[in-house]
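In: Let me see the structure of the following:
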Amino acid sequence: MNIQQIHCKLISSNNPNHTKHSQEDEQLKRPTIIIHHIISNTFDQLYKYFLPLNHVTVQTNDQILRPQLDINLMTSDIRKSIVMESRCSSSSTETSGGFFNWRENRQRLFIYWCFTHFIHGMIHSIRYSSQYLYFKDVLQVSNPDFLYGLSVSFIGATGVIFPLLISPYIDKTRNIKQAVITVNVLGLIGNLLYALPFSPAFPLIGQLLAGTTPAFGVIAMGEISRCYSSEKITKKVSGLSLIYSIGTFTSIGLVFCFLYVDFDIGAWNINFANMPGLFLALAFAVSTVLACFLVSDVSKEFDMKLEERIKRSSCGSTPNRLSSTITTPDLSSNRSSPNLQTNDASSSLNTSNLQISLNKQIPLIIEPTDEDLNLSEEERRFKVIREVGEPFFFNINADDADNAEGEEQPKSRSTSAPFSFPRIKKNGYERLTTSDPDDTESSSSFSARNKLADTSKCETVRITLESIWKILRFKTTAILMGVTFMEAFVYSIIVTSLPVLATKFLGWGKLELALLSMVNKFLSVIISGSVYFLTDYLHDYLLLCYGIGLSILALLTLSVLQLIDTNTTALIALMFAVATLSISGVPLIITSTRSMLAKMVPTEIQSLTEAVRMSIFEASFVPAGFLVPLVTLNVTATALILLLLMASMLMIALRHMRILVELKEDDAYWSDGKETPSNASSSGEP
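Out: The predicted structure is shown next:
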């Protein structure tokens with residue numbers, strides 16, 4: 001990379017309008033872009049007056065990741081030297097190939113997440129319609145009711161436990177490809193076992209292994225939260241929810257196609273009951289092949305959320321004091337390109353001819369903090385990957401900058417960060433592993449975070465449990481987890497009790513119940529698609545409140561079913577209204593809670609946080625199943641009790657509107673375990 005290229009990048013970073021206007025001019029030449037701008041501006045003006053919560057200021061990606069050579073963010077009374085080493089080793093070139101290749105890998109990975117969420121949606125619907133008949137008619141067991149309930153509980157229990165087991169490993173190692181292939185292999189084996197009609201043990205074991213599929217969502221949310229800026233997370237999450245809903249709706253059509261399947265492969269009879277297992281096994285085989293081409297350890301190469309925290313922890317107010325090595329422009333005046341000079345102040349660099357070697361060290365004289373002086377030699381080294389495409393290594397050295405040129409260049413480019421909570425220092429730096437395992441001097445001085453990989457299993461379990469406790473007792477995350485549980489609890493009660501109520505009040509059979517299920521899945525696709533397009537205009541907090549409100553309306557409608565059971569027409573209309581309102585609130589709650597949690601927890605526990613949320617969501621179906629008989633006995637009383645619980649959750653969300661709107665990562669709490677005043681629980685708060 002020559003000086004001219006760096007010069008252009010610095011102009012773009014210091015003057016965002018330089019590239020912004022040129023890009024907009026090119027885009028405005030296309031008629032479709034013009035129409036898009038007109039529609040977007042119209043919506044912006046409308047929502048500006050009606051939804052003021054839309055316009056919450058969020059720091060953009062450009063403001064976060066632009067390379068900063070203007071080092072006026074550091075405070076100290078003593079001037080020290082920082083050596084900036086820009087080096088692109090062969091391993092780093094093969095792994096990322098620069099920032100733009102990293103973005104391409106990120107895009108391919110998101111396409112793969114869409115495919116896995118489509119499979120996950122099919123699994124939740126394709127087997128339930130024929131699973132009971134599988135045990136009753138195909139296997140011809142004496143107790144089909146017991147085995148059917150045991151099978152459903154197996155897949156639910158695995159969906160709760162397995163994400164909690166795999167998420168610490170993901171957060172610690174960032175080996176995404178290895179974890180994805182493992183989940184695919186388990187799903188492939190589980191569905192093949194489910195399709196074997198030789199013994200009831202095969203479907204049960206198959207359900208136990210196939211229940212690991214929710215781990216896809218945990219891995220995906222961990223990567224999305226680490227690799228996308230805050231303003232893009234909600235859009236990506238809503239897109240995955242839309243794909244999941246399309247998968248559930250598609251599975252209903254496949255069920256009708258499987259009704260006519262009946263052929264033999266030797267002694268293996270394939271029929272309508274075990275064909276879903278064989279079909280899903282083929283889907284997991286395709287997913288495994290796609291994982292080899294589309295999946296890469298993206299966050300292991302560059303953690304965008306960690307970079308944001310480094311910049312946030314390095315902020316301060318100090319005048320810009322640099323030596324003649326590099327002179328940066330004064331940001332308070334008109335922005336101009338920086339004036340690069342050599343160590344000899346009398347000779348300036350010719351920016352049109354000079355080439356900078358990738359292994360060349362560029363000394364900078366800046367002012368580190370007083371806390372940096374107390375760090376050991378090994379702790380002074382940290383690494384950040386900037387947007388220009390190469391890793392930047394910073395060494396804080398008390399000696400002259402020239403002495404640092406003789407130091408050995410770090411060979412490794414590992415950026416794996418364990419899920420344990422690092423100690424975040426004010427105006428300090430996040431320290432990552434930059435040493436080569438073969439370098440004895442460096443390998444003997446790993447920090448406590450890097451030693452976590454060598455801890456015992458008991459120690460890892462202890463750290464995981466402590467992390468889960470930190471997540472659950474933090475006020476903002478506790479509110480979101482509570483809303484998740486209540487929404488899933490209400491939805492599961494409504495979904496499981498509606499077929500019973502329809503049979504009891506209306507005398508519906510299989511055809512009518514199948515029609516009701518199809519309408520529910522179709523509405524889920526419509527609502528998820530609407531949420532996907534509205535995320536550009538609605539804040540996550542509004543999505544959360546709207547979802548709770550729709551659930552309250554569904555319970556209010558459910559409470560009057562028993563009062564008008566003699567009017568068939570009104571009863572049918574209310575039945576579909578309950579289904580519509582309940583299914584409409586779920587995508588809003590799921591999208592808002594997932595994106596809000598992704599924006600506020602540290603990068604070290606992203607997957608673990610999503611695993612806790614998903615486990616709470618899945619666990620809510622267990623008590624709901626036991627309460628279905630109570631719902632059918634007294635629909636009105638049960639609906640009113642649930643309505644009061646949901647109304648209390650809405651009041652809690654409204655009461656804590658400020659902390660739910662101004663989402664930010666509380667460094668003090670996650671490092672020291674102490675909440676800031678904005679999140680501290682008072683005696684009068686729940």
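
In: Run a quick neighbour tally on the closest residue to Ile270 other than its chain neighbours.
Out: Sequence neighbours aside, Phe263 is the residue nearest to Ile270 in space, at 5.4 Å (criterion: CB to CB, 6 or more residues apart in numbering). C-beta here means a position set from N, CA and C on the backbone, and glycine is covered the same way. The local packing of Phe263 (other CB atoms under 10 Å) involves 9 other residues.

In: what are the phi and psi values for Phe263?
Out: Dihedral angles of Phe263 (phi, psi; degrees, to the nearest 10) stand at phi -150, psi 170.

In: my read: it touches Asn274, true?
Out: No: using CB atoms under 8 Å, Phe263 makes no contact with Asn274, being 11.6 Å away.

In: three-state assignment of His261?
Out: You called it His, but residue 261 is Val. Here Val261 is recorded as coil under DSSP: H, G, I helix; E, B strand; the rest coil.

In: Relative to Ser125, how far out is the residue nearest to it when sequence neighbours are not counted?
Out: Counting by CB to CB, 6+ apart, Met275 is the residue found nearest to Val261 once chain neighbours are left out, at 4.6 Å. Met275 sits 14 Å away from Ser125 when distances are taken as CB to CB, to the nearest Å.

In: So those two - more neighbours on which side?
Out: Neighbour totals were compared for Met275 and Ser125, and Met275 leads with 22 against 19 (other CB under 10 Å).

In: Pretty sure the more buried one sits against Leu259.
Out: No: with contacts counted by CB under 8 Å, Met275 stays clear of Leu259, the gap being 9.4 Å.

In: got any ranges where the stretch 1-150 of the chain has weak pLDDT?
Out: 1-99, 128-129 (pLDDT under 70).

In: follow-up on the earlier one: torsion angles phi and psi at the residue nearest to Val261?
Out: Taking degrees, to the nearest 10 as the convention, Met275 sits at phi -60, psi -40.

In: Check it and give its pLDDT.
Out: Per-residue pLDDT puts Met275 at 85.

In: now the strands: where do they sit in the stretch 451-600 of the chain?
Out: Taking DSSP state E, counting those that start in this stretch, the stretch 451-600 of the chain contains no strands at all.

In: Ok, the chain next?
Out: Under the criterion DSSP state E, the chain contains strands at 80-86, 263-265, 268-270, 326-327, 339-340, 361-366, 381-385, 391-397.

In: what about the nearest residue to Leu278 once chain neighbours are set aside, neighbour count?
Out: Nearest in space to Leu278, with sequence neighbours left out and distances taken as CB to CB, 6+ apart, is Ala195 at 4.4 Å. Using other CB under 10 Å, Ala195 has 23 other residues around it.

In: what's Ala195 in contact with, if anything?
Out: Contact partners of Ala195, counting by CB atoms under 8 Å, 6 or more residues apart in numbering, are Gly206, Ile270, Asn274, Met275, Gly277, Leu278, Ala281.

In: Lowest average confidence across the strands of the chain, which one?
Out: strand 326-327 (a mean of 29).

In: Give the closest residue to Trp572 in space, chain neighbours not counted.
Out: That one is not Trp; residue 572 is Ile. Leu506 (6.7 Å).

In: Now tell me which helix or strand of the chain has the poorest mean pLDDT.
Out: Using mean pLDDT, DSSP states H and E, the weakest-scoring helix or strand in the chain turns out to be strand 326-327, at a mean of 29.

In: about what we covered before: list the residues that contact the residue nearest to Val261.
Out: Here Met275 is in contact with Ala195, Phe258, Val261 (CB under 8 Å, 6+ apart).

In: you'd agree the second one is up against Pro276?
Out: I take that to be Phe258. Yes: using CB under 8 Å, Phe258 is in contact with Pro276, at 6.4 Å.

In: Which one's more surrounded, these two?
Out: Pro276 (27 against 21).

In: what's the distance between the more buried one and Ile252?
Out: Relative to Ile252, and taking CB to CB, Pro276 is found at 12 Å.

In: go on, Ile166?
Out: 30 Å.

In: Out of the contacts of Met275, which is nearest to Leu581?
Out: Leu581 lies nearest to Phe258 out of the contacts of Met275, by CB to CB, at 31.0 Å.

In: Ile111 versus the closest one, what's the distance?
Out: On the measure of CB to CB, Phe258 and Ile111 end up 28 Å apart.

In: again with Thr464
Out: From Thr464 to Ile111 the distance is 31 Å (CB to CB).

In: Give me the more crowded residue out of these two.
Out: Higher neighbour count among Thr464 and Ile111: Thr464, with 22 against 10, using other CB under 10 Å.

In: How about the contacts made by the residue lying closest to that one once chain neighbours are set aside?
Out: Nearest residue to Thr464, sequence neighbours excluded (CB to CB, 6+ apart): Pro168, at 4.7 Å. Contacts for Pro168 (CB under 8 Å, 6+ apart) come out as Phe419, Thr460, Ile463, Thr464, Ser467, Ser607, Leu608.

In: ok, of the residues you listed, which come out buried?
Out: Phe419, Thr460, Ile463, Thr464, Ser467, Ser607, Leu608 (16 or more other CB atoms under 10 Å).

In: Looking at those, which are in helices?
Out: Under the assignment DSSP state H, these contribute Thr460, Ile463, Thr464, Ser467, Ser607, Leu608 to helices.
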